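Peer 1: no sequence on this one, just coordinates:
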């Protein structure tokens, strides 16, 4: 096919188009042609059924839909110059506008309003339709079928882009209408509230339920989603200095898509709980060990000026350092903030506190992944983006639930499966991605090493490995082979619960694929043997040569919006920025010269080790920014007792979180839509966030607060803007070479590493060698290790914790979002129907779940995805805090707690009362 431009005539003027362009695409730079069934967002196809975009093609009798006709050489098209076309468009738009719910949608939500205004179409002469919203059953979306023009964009958005398969057609011919599932009310359907249909709808038949979304939009601001590690780009729509709606932008990781959190979870910043002024603990406050009454914070704290609060905060830290030494202080930074904040926070701890006692939530999600990746291939980052799944023949998705934790990435997995990629889903808990899988292995909880070693044994014993790749680029093959001699599928099957033949089928499928990828989540990493689990996955990919090419790679799906960036910036106790070890003299020398201070040479304490250090009296003061260990740590009774014991606790946050309740000083911080900064997502894409609204009250930007604490501790810092911090990060971190602030302002997103100035970043890494001393990867043998604690008669069930689609992490933000909290309003525990039947419990019953460390109460939910004998509890509900139950035992390498395996019992509340 020729790539030369095509010449055609538009309203008599010679114009060029690219081969394959439709008339609409070619004409849009020159004139506005109305179109309703054809979206400007990527991924949609034009159906041509609204007829708003018709044009006149000379030599043809009928008007043609410009969205469906491709331009041909010499074609003569009349649009604005044709009276026939203009009469047709005006009449059509008048007819369609007569059915609209006028006054309840803005131009941003209703393309039809835009076109009638732009083309000067006056009030409709036709009788008005019913503007009543017929379906108000959903807390996020309202539906008015009478405004629907059957453009099919919502169906495309749901079926083809998000692959959620909720929206379809019912009826036939002229009676055909949009419907949800089997013609259910939207609130009763399987809708996951991604809102893609709302964004696509051109008439307002689908609109956000929030009344504020109908306000006129004053301005729009491009930024990045503040939730999971996918890093969706979005646009804030602002009215009267408040965000009233959010739309997806065409970013590299989301292509315009969003999930329910990204689209509807923005109003937390306006919640009545929001802190507006600094707080200091009252002298007459109850003892910290007494439970905090959130309804009466004035009983515990008094308002203070910034000068007083900062003085109290920094002087308290200084006094403890002087009395007990540098290691008596510790800092917890945040993966919910920017790269610049993470960098400055760890710099403060290392240069101001004088120790490496600094960590953040990666310790609780992917520290074992990073440990194994650094050991095996010399880098803790993903080797390829999740977008590469569309190029893979096979993709293993193990120990993760992307549809809940990374919904937009999950949509790409589902699209890939529909287009031929074979998905292998491996998990102890089933999830909806299994419907798209070619193979589902629901293994026994905690048995990942048994299953993966059996797969490795098959690949080696049947000589399915890539011998050339192994010989040229890998060390440790013979040691691994010897370790696997007894790990046959028959031997491992009783441990993992998967039949030997199915183990062999999946091993052969992966090994024989031309291109294969492995994705994993916290179901792999959050074990005492989490590092071993990841070592096995690395071995699987390396043996088969599945690294370094498009459609191949290793990808731990990151949980929070800036876990990757915060780790890169050095917010971990054993690594300086860019994963340079603190005990490396060369690394320390580099940073000592940059920061003009001597640095400690011993690795610091991790999150859980800090808690233990408090109990031992070794850690006396902490500075916590945007983290909530009183909800996220394992064995919360133990953690909360530690926080209560601290001599001095400074917390910087948006709300009085469960952690802030123990603070001596609380500093009101900035929310993500209120500040500038960069974040790095799971794909290694560094992206620009921009302020959309002002901070309320006396809140301050987090960088300003960190710098003020540093100045109070005697550090001569004077950064006036985040771009100055970023410029220093570039000097400290080779990974940011060729990615300067100005470029990010222009391009919004750049992938690191970026080999050339202005060039594209490297989406796929390690095509020729690995970043190790000799350029080769290292295979590490593993052995079977049982979970730390076993089930018995008293605790017969296995508990696993995790996230919900509608909520995120400890719920501090999402539970203060009206839509999200309405969708999932209270604590739940999910159990298999067989488990409930055996225990004589019914769905909706109030139950008590008890472990060796604590107990909680919640409503039980029937869920076939949970294996019999197991329970699943999300950890976002303070009234049923799952981490009161979990085991703090650590992986010896990644220092990650065992969140995914905990022995418990469950009992009905009424049964227990008798």
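Peer 2: Structure received. Owing to the predicted nature of the structure, the values given are computational and were not obtained by experimental measurement.
Peer 1: okay but residue 579 is in contact with residue 374, surely?
Peer 2: Yes - using C-beta atoms under 8 Å, residue 579 makes contact with residue 374 at a distance of 6.5 Å. In this view, the C-beta of every residue, glycine as well, is placed from N, C-alpha and C.
Peer 1: Report the buried residues of stretch 765-783.
Peer 2: By 16 or more other C-beta atoms under 10 Å, the buried positions in stretch 765-783 come out as 765-766, 770, 772, 776-782.
Peer 1: Need the distance between the two termini of that stretch.
Peer 2: Start-to-end span of stretch 765-783 (C-alpha to C-alpha, to the nearest Å) is 29 Å.
Peer 1: how about low-confidence regions in the stretch 651-800 of the chain?
Peer 2: By pLDDT under 70, the stretch 651-800 of the chain has no low-scoring segment.
Peer 1: all strands for it, in order.
Peer 2: All strands of the stretch 651-800 of the chain, identified by DSSP state E, counting those that start in this stretch, fall at 665-668, 677-680, 685-689, 749-751, 777-778, 797-802.
Peer 1: looking at these, which is buried most?
Peer 2: With neighbours defined as mean count of other C-beta atoms under 10 Å, the strands of the stretch 651-800 of the chain peak in mean count at strand 677-680, which reaches a mean of 28.
Peer 1: ok, now which ones touch residue 734?
Peer 2: When contacts are counted by C-beta atoms under 8 Å, 6 or more residues apart in numbering, residue 734 is found next to residue 578.
Peer 1: Ignore what I typed, I meant residue 622.
Peer 2: By C-beta under 8 Å, 6+ apart, the neighbours of residue 622 are 329-332, 610, 643, 646, 648-650.
Peer 1: Between those, which sits nearest residue 340?
Peer 2: residue 331 (15.9 Å; C-beta to C-beta).
Peer 1: so is the closest residue to the closest one other than its chain neighbours in a helix, a strand, or just coil?
Peer 2: Among residues not flanking residue 331 along the chain, residue 349 sits closest, at 4.2 Å (C-beta to C-beta, 6 or more residues apart in numbering). Assigned state for residue 349: helix (three-state reduction, DSSP: H, G, I helix; E, B strand; the rest coil).
Peer 1: Using the three-state scheme, assign residue 904.
Peer 2: When classified by three-state DSSP, residue 904 comes out as strand.
Peer 1: follow-up on the earlier one: what subset of the contacts of residue 622 is buried?
Peer 2: By 16+ other C-beta under 10 Å, the contacts of residue 622 give 329-332, 610, 643, 646, 648-650 as buried.
Peer 1: still on that earlier bit, Serialize the contacts of residue 622 to TSV and add fields for pLDDT and secondary structure.
Peer 2: Converted to TSV, the contacts of residue 622 look like this (pLDDT from 0 to 100; DSSP: H, G, I helix; E, B strand; the rest coil):
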residue	pLDDT	secondary structure
329	98	strand
330	98	strand
331	98	strand
332	98	strand
610	96	helix
643	98	helix
646	98	coil
648	98	strand
649	98	strand
650	98	strand
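Peer 1: Which one of these is nearest to residue 839?
Peer 2: Of all the contacts of residue 622, residue 839 sits closest to residue 643, with 35.2 Å by C-beta to C-beta.
Peer 1: can I assume that closest one is in contact with residue 330?
Peer 2: No - contact criterion C-beta under 8 Å: residue 643 and residue 330 do not qualify, at 11.6 Å.
Peer 1: And stretch 758-773, end to end?
Peer 2: End-to-end span of stretch 758-773 (C-alpha to C-alpha): 29 Å.
Peer 1: Any idea how far it is from the middle of the chain?
Peer 2: 24 Å (C-alpha atoms, centre = their mean, to the nearest Å).
Peer 1: now do stretch 748-766
Peer 2: So, by C-alpha atoms, centre = their mean, the centroid of stretch 748-766 is 21 Å from its chain's centroid.
Peer 1: Start and end of it, how far apart?
Peer 2: With C-alpha to C-alpha as the measure, stretch 748-766 spans 25 Å from end to end.
Peer 1: Tell me which residues of it come out buried.
Peer 2: Neighbour-count burial for stretch 748-766, counted by 16+ other C-beta under 10 Å, picks out 748-754, 761-766.
Peer 1: Need these in JSON lines (columns: distance to residue 194).
Peer 2: Shown next, in JSON lines, are these (distance: C-beta to C-beta, whole Å):
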{"residue": "748", "distance to residue 194": "22"}
{"residue": "749", "distance to residue 194": "21"}
{"residue": "750", "distance to residue 194": "27"}
{"residue": "751", "distance to residue 194": "25"}
{"residue": "752", "distance to residue 194": "29"}
{"residue": "753", "distance to residue 194": "32"}
{"residue": "754", "distance to residue 194": "31"}
{"residue": "761", "distance to residue 194": "28"}
{"residue": "762", "distance to residue 194": "30"}
{"residue": "763", "distance to residue 194": "25"}
{"residue": "764", "distance to residue 194": "28"}
{"residue": "765", "distance to residue 194": "31"}
{"residue": "766", "distance to residue 194": "34"}
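Peer 1: My guess is residue 650 contacts residue 623. True?
Peer 2: Yes - Residue 650 is in contact with residue 623 according to C-beta under 8 Å; the separation is 4.7 Å.
Peer 1: between the two, what contacts are shared?
Peer 2: Shared contacts of residue 650 and residue 623 (C-beta under 8 Å, 6+ apart): 313, 317, 709.
Peer 1: buried set for the helix ranked longest in the chain?
Peer 2: When the chain is parsed with DSSP state H, its longest helix is helix 306-324. Going by neighbour count (16+ other C-beta under 10 Å), the buried part of helix 306-324 is 306, 309-310, 312-314, 316-318, 320-321, 324.
Peer 1: Spit out the contact partners of the residue nearest to residue 31 when sequence neighbours are not counted.
Peer 2: Leaving aside its sequence neighbours, residue 31 sits nearest to residue 80 (C-beta to C-beta, 6+ apart; 5.5 Å). Contacts here follow C-beta under 8 Å, 6+ apart; on that basis residue 80 touches 11, 31, 86.
Peer 1: What about those residues, which one has the most neighbours?
Peer 2: In terms of neighbour count, residue 11 stands highest of those at 17 neighbours, by other C-beta atoms under 10 Å.
Peer 1: which ones are touching it?
Peer 2: 31, 77-81.
Peer 1: how about the strands in the stretch 351-500 of the chain?
Peer 2: 358-359, 394-398, 422-426, 439-441, 474-475.
Peer 1: Turn those into JSON lines, including mean neighbour count, mean pLDDT and distance to residue 810.
Peer 2: Formatted as JSON lines, those follow (neighbours: other C-beta atoms under 10 Å; pLDDT from 0 to 100; distance: least, C-beta to C-beta, whole Å):
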{"stretch": "strand 358-359", "mean neighbour count": "28", "mean pLDDT": "97", "distance to residue 810": "16"}
{"stretch": "strand 394-398", "mean neighbour count": "26", "mean pLDDT": "97", "distance to residue 810": "25"}
{"stretch": "strand 422-426", "mean neighbour count": "23", "mean pLDDT": "97", "distance to residue 810": "27"}
{"stretch": "strand 439-441", "mean neighbour count": "19", "mean pLDDT": "95", "distance to residue 810": "31"}
{"stretch": "strand 474-475", "mean neighbour count": "18", "mean pLDDT": "97", "distance to residue 810": "40"}
